[in-house]
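Q: Task: produce atomic coordinates for the following.
(one chain, ligands or ions: 2)
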Amino acid sequence: MKHFLNIIDLSNDELLGLLSEAARLKEAHSRRIPAHSLTGRVVALIFEKPSLRTRVSFESGIAQLTGTSLYLPGNEVGLGWRETLADFSRTISQYVDMLVLRVYRHETLDGLAQHSTIPIINALSDWSHPCQGLADVLTVRELFGTETGRTVVFVGDGNNVARSLAVACGKLGMKFVLACPMGYGFDDKFKEQYRQRVDANFPVEVNDPHAAVSHADVIYTDVWTSMGQEAEREERLKRFAPFQVNARLMARAPSHCKVLHCLPAHRGEEITDDVMDGPACAAFQQAGNRLHTQKAVMEWLLK
Ligand code: CP
Ligand code: NVA
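A: Residues are numbered from 1 along each chain as shown. Ligands and ions are numbered 1, 2, ... in the order given. Coordinates of the predicted model:
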């Protein structure tokens with residue numbers, strides 16, 4: 001059974017195929033060409049955490065492909081505590097054609113996937129955010145014509161979004177640099193997995209954001225405290241303060257440099273209003289691309 005749990009599981013050809021299908025779907029959607037690739041299919045969305053972009057872009061994407069979506073709050077189905085993941089998986093596999101899941105623990109996805117006879121899409125876990133990574137690289141491609149050879153400087157911690165994007169960049173011939181406070185870089189498990197499974201140099205990690213952005217084509221940032229890390233918020237606010245994406249940091253970047261953010265943004269923390277609303281920011285184009293890349297993923301999984 002094919003799933004979409006991590007970008008690292010995709011071959012380079014599969015990744016390139018998803019990007020070109022997403023671009024095709026985007027173009028077709030802009031011309032309002034009807035699509036029917038999910039006709040008669042039911043997709044269940046189960047979210048343990050809040051969402052705007054992911055939930056709405058999946059539900060709209062499913063409707064645009066004439067499928068049916070079913071939203072189930074995580075606390076209603078009680079993944080792993082109301083019944084075992086195996087029992088849940090065996091049951092729901094008979095009712096719907098695909099599952100889209102946003103979970104606290106990535107292990108929940110692995111546990112479900114083990115027993116699932118339908119494809120599962122990771123809509124964000126504590127480990128990765130592959131749907132985001134795919135939309136991110138499509139946006140880079142649109143902004144520069146090609147993603148190959150471009151440098152993305154991620155200013156933030158080595159979190160779920162950074163891991164997925166780092167792998168996507170490695171697979172597509174892009175350079176990924178992580179600028180983070182000491183102690184907030186990529187974990188050992190990720191380093192090992194990357195070295196074993198990605199045919200590219202491991203991303204460079206630096207602790208000086210101002211020096212890091214001097215060769216950036218893209219500056220990328222995300223919230224300093226991810227969902228589930230709320231207890232660390234006060235400490236993180238202090239540690240990440242010098243890593244804000246603001247006018248002073250932008251002044252160190254090349255003039256063509258673009259700014260991406262997976263959103264939601266905490267304006268005034270990781271990014272200032274002037275940068276978010278300024279000409280370099282492409283975060284809303286990026287958010288729009290979630291719709292098209294996810295449609296490509298659903299079609300690919302059901303093929
Ligand atoms: N970027 C992203 O996944 O946004 P949501 O949390 O709103 O889905
Ligand atoms: N790193 C963030 C991404 C939100 C889309 C989080 O996990 O909360």
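Q: From here on, just use CA atoms for contacts and neighbour counts.
A: Will do.
Q: can you pull the contacts of Gln285?
A: Each residue near Gln285 by Cα atoms under 8 Å, 6 or more residues apart in numbering is listed here: Thr139.
Q: Which strand or helix spans it?
A: helix 283-302 (DSSP states H and E).
Q: got the buried residues for that helix?
A: Neighbour-count burial for helix 283-302 flags 283, 286-287, 289-298, 300-301 (criterion: 16 or more other Cα atoms under 10 Å).
Q: In the residues you listed, find the pair that's most separated.
A: Using Cα to Cα, the two most remote members of the buried residues of helix 283-302 are Ala283 and Leu301, lying 27.0 Å apart.
Q: Which residue, other than its chain neighbours, is closest to Ala166?
A: The spatially closest residue to Ala166, leaving aside those adjacent along the chain, is Phe176, at 5.8 Å (Cα to Cα, 6 or more residues apart in numbering).
Q: mind listing the helices in the stretch 201-303 of the chain by residue range?
A: All helices of the stretch 201-303 of the chain, identified by DSSP state H, counting those that start in this stretch, fall at 209-212, 233-240, 247-252, 273-276, 283-302.
Q: which stretch among the ones you listed comes nearest Met182?
A: Short answer: helix 233-240, nearest of those by Cα to Cα, at 8.9 Å.
Q: So is the closest one next to ligand 2?
A: No: Helix 233-240 lies out of reach of ligand 2 by Cα under 6 Å from any ligand atom, never closer than 11.9 Å.
Q: buried ones in that helix?
A: 236, 239-240.
Q: Among the helices of the stretch 201-303 of the chain, which comes closest to Glu76?
A: helix 283-302 (24.4 Å).
Q: Any residues of the protein in contact with ligand 1? List them.
A: With Cα under 6 Å from any ligand atom as the criterion, the chain comes near ligand 1 at residues 51-55, 262-264.
Q: Buried ones only from these, please, as a PyMOL command.
A: Selection of buried members from the residues of the chain next to ligand 1 for PyMOL, criterion 16+ other Cα under 10 Å:
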select buried, resi 53+54+55+262+263
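Q: Adding distance to Ser255 as columns, could you present the residues of the chain next to ligand 1 in a markdown table?
A: Output for the residues of the chain next to ligand 1, formatted as a markdown table (distance: Cα to Cα, whole Å):
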| residue | distance to Ser255 |
| --- | --- |
| Ser51 | 33 |
| Leu52 | 32 |
| Arg53 | 29 |
| Thr54 | 31 |
| Arg55 | 35 |
| Cys262 | 22 |
| Leu263 | 23 |
| Pro264 | 25 |
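Q: and of the residues of the chain next to ligand 1, the nearest to Thr225?
A: Closest to Thr225, out of all of the residues of the chain next to ligand 1 and judged by Cα to Cα, is Pro264, at 11.6 Å.
Q: which residue packs closest to that closest one, ignoring adjacent ones?
A: Spatially, and ignoring its direct neighbours in sequence, Pro264 is nearest to Val223 (7.7 Å; Cα to Cα, 6+ apart).
Q: In contact with that neighbour, which residues?
A: By Cα under 8 Å, 6+ apart, the neighbours of Val223 are 156, 263-266, 269-270.
Q: Buried residues, the helix or strand of the chain with the lowest mean pLDDT. List them.
A: Least confident helix or strand, the chain: helix 74-77 with a mean of 92, by mean pLDDT, DSSP states H and E. In terms of neighbour count (16+ other Cα under 10 Å), helix 74-77 has its buried residues at Gly74.
Q: Tell me how far it lies from the chain's centre.
A: 23 Å (Cα atoms, centre = their mean, to the nearest Å).
Q: Which other helices and strands does the helix or strand that comes right after that helix contact?
A: Toward the C-terminal end, the helix or strand that comes next after helix 74-77 (DSSP H and E) is helix 85-92. Under the contact definition 3 or more Cα pairs under 8 Å, 6 or more residues apart in numbering; DSSP states H and E, helix 85-92 sits against helix 106-115.
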